[in-house]
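Novice: predicted model and sequence below, questions to follow.
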Amino acid sequence: MSSRVEILNDGGYRSDGRKQYELRDIVIDLSQRGTADGSASITHGLTEVLVEVFGPREAKVRAQTMHDRALINVEVNIVPFSTGERRKRSRGDKRILELGSTIKSTFEPVVQTSLYPRSEIDIFVHVLQQDGGLLQASINASTLALISAGIPLHDFVCAVTGGVHSTAPMLDLTTLEENDIPHVTVAVMPKTKKVTLVTMETRLHVDRFGDIFKLACEAGQVIHKEMKRAVSERTQKLVTAMEMGPRVVPSADVGDRDAMIDDLNDY
Amino acid sequence: MAATSKSERAYIQSALHASPPLRADGRSLQDFRNVLLETGVSPLANGSARLNIGKNPEEGGGGTEVLAATKLEVEDIETGDGVEGGRLICTVTCSPAAYPQLSMNALDDLQYDYTTVLHQILSHPSLHPKNLGIIPRRKSWLLNLDLVILSDAGNTYDAMFLAARAALWDTKVPITRAVQYQARTVGETLRAVEESMDVEGVSPSGFDTRQIPVAADFELPDYWDEGEPLEGRDLWPVCITLNVHEAVHFLDATLSEEASVPSQFLVAFSFPPSSPSRVQAIRTIGSGELQPSHIQTLVQEAEKYARQLHTALNAKLRDEDIRRHQKAKVKFANR
């Protein structure tokens, strides 16, 4: 425990056994929770974020609504036992407010808010476990939750973190790596290849930035594939359930019955 | 907290007084909805549990979902807030997703109410676990119990107490060993000379009571060991909410049932293994009035329900213990 953990060893392996450009395991759960219109939970390795979306619905504070668009409201709740050290953050904590407003400005251009004037879309982010890549996981989970809620988006938003360890770029950083190396979070819209968020709080050399930025955009495509697969599977399940759902076939003549069943199959 | 109209309330109330009593989902007055419980959901916490009452089966949502976790922190008794023998603090957070119609201020008020009730009941000295001290008069454990209400479909108090009990049952306290630091004496190099000269030096014998060693710090003998279970885990209380309307009382109310009933009666029971059951707390919630004789019968009825709930919960917790500590090879064989 006293020896310093290597960020990237000579064999090309990182502290958790991954290679340089390897992303952590992604687990996506789109099952319904509570009374939310849409909910999604994403796990990147050990970082677990659950997002629930309500809306579009009537705003709680009428004064904040806009006459031509929907208002996007993001609330972040980090549970105290999400990190190794217990930290109770109040709702007004600056870091949490900043995280919320970053997510909001990421989704402002993506959600088709002009379709729902004078209404509100609430995004509630719950961070259940943190091991690096918090903003990345929050954005990915929010995209999935918005899709699960059926809110029209221009495109997916896929986010990933990237960092540079001396000259070696790395993707999808854990807490250990985030504390040690300069890193950037990039959120891309995969189809249009537009970038909707770039944020960095550490110092990175200008020459290195170009490489890691390009890499992160490519990694966004990979995450998009995973997210698309999860959404397709979920939709397929729902469609199957709808097709196999209970049918009421009222007692009718044998002749009529065939026509009834044919109608139901068409539906 | 559901908004119900007068006619809806009257409808629910008259159904309760019918014979046989009727409830919207067809349950009897004493029936609980399905309770789902999983322990060990948060690996970073010392103990954790996730509980859901009334989730729609077949991958539906809904239900009252509570996430509970305990974390242990070391506190200094002399210089910090530590108390001899350790202490326990409960906090409840309500997720805005559970109460989408409430403003932030109303949510904070609700959080505060739940926190007060839970903290007052669970931090009572009669329930205090005995292995929360580390070094007497120096260091002790602070046990933080955090609960998060992720969704609310009625009966939150019962859910919170069940989740809290499960998380406390699951809590492991790391085993510590007191260490004493001893400065190296200056005359060490001259020891050989001293021994031959038979000079009286510092006696290294442990039986020497002139200098009783005082532990100054502690260490973990085994870094990877999770520790021993929290002491007194059989004592944590089980809470039953009785929803009372005139002469009728029922358990596990949904949101609209809770809104239709003027008074709720909360009783928390502790069942020590070899003693008679104890009432840990009684609370009345709501604007209704209860006659003292009625309260007596309610407490007796609640004891019966709480005992059943307690037995069921213990059985499930033991199952969870077995499931999680199943050896890897058995899991692989059963895959």
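Specialist: That came through fine. Numbers count the residues shown, from 1 in each chain, chains lettered A, B, ... in the order given.
Novice: show me what contacts whichever residue of the stretch 151-300 of chain B sits closest to chain A?
Specialist: In the stretch 151-300 of chain B, no residue comes nearer to chain A than B:Ser151, which is 3.0 Å away by C-beta to the nearest C-beta. The way it works is simple: take the backbone N, C-alpha and C, and place the C-beta from them, glycine included. B:Ser151 sits next to A:33-36, B:61-65, B:95, B:97-98 when contact means C-beta atoms under 8 Å, 6 or more residues apart in numbering or on different chains.
Novice: run a quick neighbour tally on A:Gly210.
Specialist: Using other C-beta atoms under 10 Å in any protein chain shown, A:Gly210 has 9 other residues around it.
Novice: what's the pLDDT at it?
Specialist: For A:Gly210, the pLDDT comes out at 91.
Novice: do the same with B:Ile295
Specialist: Listed pLDDT for B:Ile295 reads 92.
Novice: for stretch B:68-75, buried residues please.
Specialist: Residues B:68-72, B:74-75 are the ones in stretch B:68-75 that count as buried (16 or more other C-beta atoms under 10 Å in any protein chain shown).
Novice: ok, now which ones touch the residue nearest to the residue of the stretch 151-300 of chain B closest to chain A when sequence neighbours are not counted?
Specialist: Nearest-residue entry for B:Ser151: A:Gly34, 3.0 Å, with adjacent residues in sequence omitted and distances by C-beta to C-beta, 6 or more residues apart in numbering or on different chains. Each residue near A:Gly34 by C-beta under 8 Å, 6+ apart is listed here: A:52, B:61-63, B:65, B:97-98, B:150-153.
Novice: which members of the residues you listed are classed as buried?
Specialist: Listed as buried from the contacts of A:Gly34 are A:52, B:61-63, B:65, B:97-98, B:150-153; burial here means 16+ other C-beta under 10 Å.
Novice: circling back: so which of the contacts of A:Gly34 are in helices?
Specialist: In helices, judged by DSSP state H, none of these are found.
Novice: flag every residue of the stretch 101-250 of chain A that's near chain B.
Specialist: Residues of the stretch 101-250 of chain A found near chain B, taking C-beta under 8 Å from any C-beta of the partner chain as the criterion, are A:122, A:124, A:126, A:128-129.
Novice: just the strands in the chain please.
Specialist: All of this refers to chain A. Residue ranges of the strands in chain A, as given by DSSP state E, are A:26-29, A:38-44, A:47-58, A:71-78, A:119-129, A:158-165, A:168-171, A:183-189, A:194-200.
Novice: the intended chain is chain B.
Specialist: Listed in chain order, the strands of chain B (DSSP E) span residues B:35-39, B:47-53, B:64-76, B:87-94, B:133-135, B:139-151, B:172-173, B:177-179, B:217-219, B:228-229, B:238-245, B:248-250, B:263-270, B:278-286.
Novice: and among the ones you listed, the most buried is which?
Specialist: Using mean count of other C-beta atoms under 10 Å in any protein chain shown, the stretch among the strands of chain B with the greatest mean number of neighbours is strand B:47-53 (a mean of 26).
Novice: that one to strand B:139-151, inter-axis angle?
Specialist: Using axes from the mean of the first three to the mean of the last three C-alpha atoms, to 10 degrees, one finds that strand B:47-53 and strand B:139-151 are set 20 degrees apart in direction.
Novice: and strand B:47-53, does that touch chain A?
Specialist: Yes: residues of strand B:47-53 are located near chain A by C-beta under 8 Å from any C-beta, namely B:Ser48.
Novice: avg pLDDT for that strand?
Specialist: Across strand B:47-53, the average pLDDT comes to 95.
Novice: which residues touch that strand?
Specialist: Surrounding strand B:47-53, the residues in contact under the criterion C-beta under 8 Å, 6+ apart are A:81, B:32-42, B:63-70, B:153, B:155, B:158-159, B:162-163, B:166-172, B:230, B:252.
Novice: render the CA-only coordinates of that strand in CSV, please.
Specialist: This file holds the C-alpha atoms of strand B:47-53, laid out as CSV (Å, rounded to 0.1, in the frame of the first residue of the first chain):
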residue,chain,number,x,y,z
GLY,B,47,-23.3,-1.8,5.3
SER,B,48,-26.1,-1.1,2.8
ALA,B,49,-29.5,-2.2,1.7
ARG,B,50,-32.1,-1.4,-0.9
LEU,B,51,-35.8,-2.0,-0.1
ASN,B,52,-38.9,-1.7,-2.3
ILE,B,53,-42.5,-2.1,-1.1
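Novice: count of neighbours near the residue of the stretch 151-267 of chain A found nearest chain B?
Specialist: The shortest separation between the stretch 151-267 of chain A and chain B is 8.3 Å, found at A:Lys237 (distances taken as C-beta to the nearest C-beta). Per other C-beta under 10 Å, the neighbour tally for A:Lys237 reads 13.
Novice: per-residue pLDDT, it?
Specialist: Confidence per residue is given as pLDDT, and for A:Lys237 that number is 90.
Novice: show me the helices in the chain, by range?
Specialist: Looking at chain A here, since you left the chain open. Listed in chain order, the helices found in chain A under DSSP H are A:94-107, A:134-148, A:175-178, A:206-243, A:254-266.
Novice: my question was about chain B
Specialist: Using DSSP H, the helices of chain B run over residues B:6-16, B:104-122, B:156-170, B:191-197, B:255-260, B:292-324, B:328-333.
Novice: how about those, which one is nearest A:Leu99?
Specialist: Closest to A:Leu99 of these is helix B:104-122 (C-beta to C-beta; 16.5 Å).
Novice: list the helices and strands that closest one packs on?
Specialist: Counting contacts by 3 or more C-beta pairs under 8 Å, 6 or more residues apart in numbering or on different chains; DSSP states H and E, helix B:104-122 packs against strand B:87-94, strand B:139-151, helix B:156-170, strand B:278-286.
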